[in-house]
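Asks: need the 3D shape of this:
(2 chains)
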2 protein chains.
Amino acid sequence: MEPLKVEQLKINYKTLEEFQKFNEYGLPELSMLEDLEANIVENNSQSPFYGIYRDGQLAARISLYRVSAKYDWYFHPSQDYYEIWKLEVLPQYRGQGLGHALVSYAKSLFLPIKTNARNRSDSFWRKMGFQPVRYNPERDRGESPYVWLPPGVGLKE
Amino acid sequence: MEPLKVEQLKINYKTLEEFQKFNEYGLPELSMLEDLEANIVENNSQSPFYGIYRDGQLAARISLYRVSAKYDWYFHPSQDYYEIWKLEVLPQYRGQGLGHALVSYAKSLFLPIKTNARNRSDSFWRKMGFQPVRYNPERDRGESPYVWLPPGVGLKE
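Replies: Modelled structure (predicted):
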């Protein structure tokens, strides 16, 4: 079995074609495509996406968006953190630890992490060392936020 | 066939039991349950959820969260708007217009609406008269925002 190598994805037509295989494909991806077509972003610029290739195709991806400390409503002390979106493993590659490898990579960046535990994924996030926050309707607006705290970081509440 | 009647859901143990049948069940629902158990909210208080009952059970639901004008980054002029979350129809009741009825109800409140078009639901939202916004990474953070504009309301951008 190939080792699991997490790599940062470059913005190019090949990556955007791979993205179309994923269920969560929407305005962020279309916007990247438009920016590429309009030469607003350069071919092979860095994207906020990281992925794992298997059999020559993108098998899993994650988006890591760095939120600036001034928008941090979760952590104490306030600091930059990563927001995880669009963690998705293509159906034929599930159960092989790809999701685990992507989240472990995010944790290796040593900033706090926040995600939205959708579709009853709570047990996955707990297994990855995340914890639920105390739900605050104004801040969380229907999300189910789970966070990962590096040493020395606490919650705001 | 019963007519489709949209009703605002009350916070009580019956409603929270019905919610467990839906895929999108997370911290917001658990928080309601805890508040009910701790008598922080009264039994039969209004919830932000609306639903349609079929055969005596909750068959579809939507959450309509009213966002105050001071947090409005989408509409011009800035105003209160509704954010749609958790629009979900139980599998056995799909294709019967329940989702359509819930979104039509939201539109009848005559405020602008914003939602996140997940899982390639774009064509549904377009059919309902929604339009995509121009993606802004800082504001939209990985979402695919679609909006519905009542007469006289435009977009900020």
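
Asks: so what's A:I62 bridging to?
Replies: Here A:I62 sits in beta bridges with A:Y50, as judged by DSSP bridges.

Asks: no, scratch that, I was asking about A:L58
Replies: With DSSP bridges as the rule, A:L58 is bridged to A:Y53.

Asks: with chain B as the reference, measure out to it.
Replies: Note on A:L58: its distance to chain B, by Cβ to the nearest Cβ, to the nearest Å, is 17 Å. (Glycine included, C-beta is placed from N, CA and C.)

Asks: so which bits of the helix or strand of chain A with the lowest mean pLDDT are buried?
Replies: Least confident helix or strand, chain A: helix A:137-140 with a mean of 88, by mean pLDDT, DSSP states H and E. Going by neighbour count (16 or more other Cβ atoms under 10 Å in any protein chain shown), the buried part of helix A:137-140 is A:D140.

Asks: where's it relative to the chain centroid, distance-wise?
Replies: Distance of helix A:137-140 from the chain centroid (Cα atoms, centre = their mean, to the nearest Å) equals 21 Å.

Asks: wasn't A:S123 part of a strand?
Replies: No - counting by DSSP: H, G, I helix; E, B strand; the rest coil, one finds A:S123 to be helix, located in no strand.

Asks: and it, how many residues sit next to it?
Replies: A:S123 is flanked by 9 other residues according to other Cβ atoms under 10 Å in any protein chain shown.

Asks: again, but for A:F19
Replies: Residues near A:F19, counting by other Cβ under 10 Å, number 23.

Asks: nearest spatial neighbour of it, chain-adjacent residues omitted?
Replies: Distance criterion Cβ to Cβ, 6 or more residues apart in numbering or on different chains; nearest residue to A:F19, sequence neighbours excluded, is A:E29 at 5.0 Å.

Asks: so the one you found is in which element?
Replies: According to DSSP states H and E, A:E29 maps onto helix A:27-37.

Asks: buried stuff in that helix?
Replies: A:L27, A:P28, A:E29, A:L30, A:S31, A:M32, A:L33, A:L36.

Asks: likewise stretch A:147-157?
Replies: Within stretch A:147-157, the residues that qualify as buried are A:V147, A:W148, A:L149, A:V153, counting by 16+ other Cβ under 10 Å.

Asks: can you narrow those residues to ones near chain B?
Replies: Among the buried residues of stretch A:147-157, no residue is within reach of chain B (Cβ under 8 Å from any Cβ of the partner chain).

Asks: what ranges does chain A have for its helices?
Replies: Along chain A, counting by DSSP state H, helices occupy A:13-19, A:27-37, A:98-107, A:122-127, A:137-140.

Asks: tell me the mean pLDDT over the third one?
Replies: Per-residue pLDDT values across helix A:98-107 average out to 97.

Asks: which elements pack onto that helix?
Replies: Applying 3 or more Cβ pairs under 8 Å, 6 or more residues apart in numbering or on different chains; DSSP states H and E, we find helix A:98-107 packed against strand A:6-11, strand A:45-54, strand A:57-67, strand A:81-89.

Asks: make TSV out of those and add mean neighbour count and mean pLDDT.
Replies: What follows is the helices and strands packed on helix A:98-107, written out as TSV (neighbours: other Cβ atoms under 10 Å in any protein chain shown; pLDDT from 0 to 100):
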stretch	mean neighbour count	mean pLDDT
strand A:6-11	16	95
strand A:45-54	19	93
strand A:57-67	20	96
strand A:81-89	21	96
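
Asks: which of those strands sits closest to B:K5?
Replies: Nearest of these to B:K5, taken as Cβ to Cβ: strand A:81-89 at 36.0 Å.

Asks: wait, does the closest one contact chain B?
Replies: Yes - for strand A:81-89, a contact with chain B is found by Cβ under 8 Å from any Cβ, at A:E83, A:W85, A:K86.

Asks: quick check: bridge partners of the second one?
Replies: In this structure, A:W85 has the following beta-bridge partners (DSSP bridges): A:S63.

Asks: for the residue of chain A most remote from its centre, what are phi and psi?
Replies: Relative to the centre of chain A, the most outlying C-alpha is that of A:A38, 26.0 Å out, by Cα atoms, centre = their mean. Main-chain dihedrals, A:A38, degrees, to the nearest 10: phi -90, psi 10.
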